[in-house]
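Trainee: next one to model:
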Amino acid sequence: MKNKIIKYVLLSVVFIFLILYFFGGRIYDYKLTEKKVLTEEQIKKFEEDVKNGIEIDINDYIIKDKDYSNSITKINGEISNIIELGFKKVFEQILNNINV
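Mentor: Presented below is the predicted three-dimensional model:
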C-alpha cells in the first residue's frame with residue numbers, strides 16, 4: 001500500500017516538473033519577445049519624432065516595468081528568507097557533525 005502511494009506521489013512530482021519545465025521556458029520566451037516588440041515600437045516612435053522635429057525626451061521612450069508587489073508578496077518574501085536561513089543552518093550543522 002505504501003509503495004503505491006509513494007509511486008503516485010513521485011509520478012505526480014515528475015509530471016508537474018515536466019509541465020513547468022516545458023511551459024515555463026515558453027512563458028519566459030514570450031516575455032522576452034514581448035519586450036523586444038515594445039522596444040521596436042519605441043524605436044519607430046523615436047524615429048518619427050526625429051523626422052517631425054519634435055523635442056525629444058528619453059523618458060518618453062523608456063518603458064517602466066510595473067511593480068505588482070504588495071504586502072502579501074513582501075510577507076511571502078520574508079517567510080521564504082527565514083525558511084532559507086533555517087535550512088542553511090540545519091545543513092551546516094549536519095555537515096559539520098559528519099565524521100569522515
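Trainee: show me the helices in this structure, by range?
Mentor: In the chain, the helices defined using DSSP state H lie at 2-52, 71-96.
Trainee: what mean pLDDT does the shortest one get?
Mentor: The average of the pLDDT scores along helix 71-96 is 88.
Trainee: how distant is it from the center of its chain?
Mentor: 19 Å (C-alpha atoms, centre = their mean, to the nearest Å).
Trainee: sorry, back to before: quick one: closest of the helices of the chain to residue 61.
Mentor: With C-beta to C-beta as the criterion, residue 61 lies closest to helix 2-52 of the helices of the chain, at 4.7 Å. (Each C-beta comes from the backbone N, C-alpha and C, glycine too.)
Trainee: which elements pack onto the closest one?
Mentor: Applying 3 or more C-beta pairs under 8 Å, 6 or more residues apart in numbering; DSSP states H and E, we find helix 2-52 packed against no helix or strand.
Trainee: the residue nearest to the spatial centre of the chain and residue 62, how far apart?
Mentor: Per C-alpha atoms, centre = their mean, the C-alpha nearest to the average position across the chain is that of residue 28, at 8.4 Å. Distance of residue 28 to residue 62, computed by C-beta to C-beta, to the nearest Å: 22 Å.
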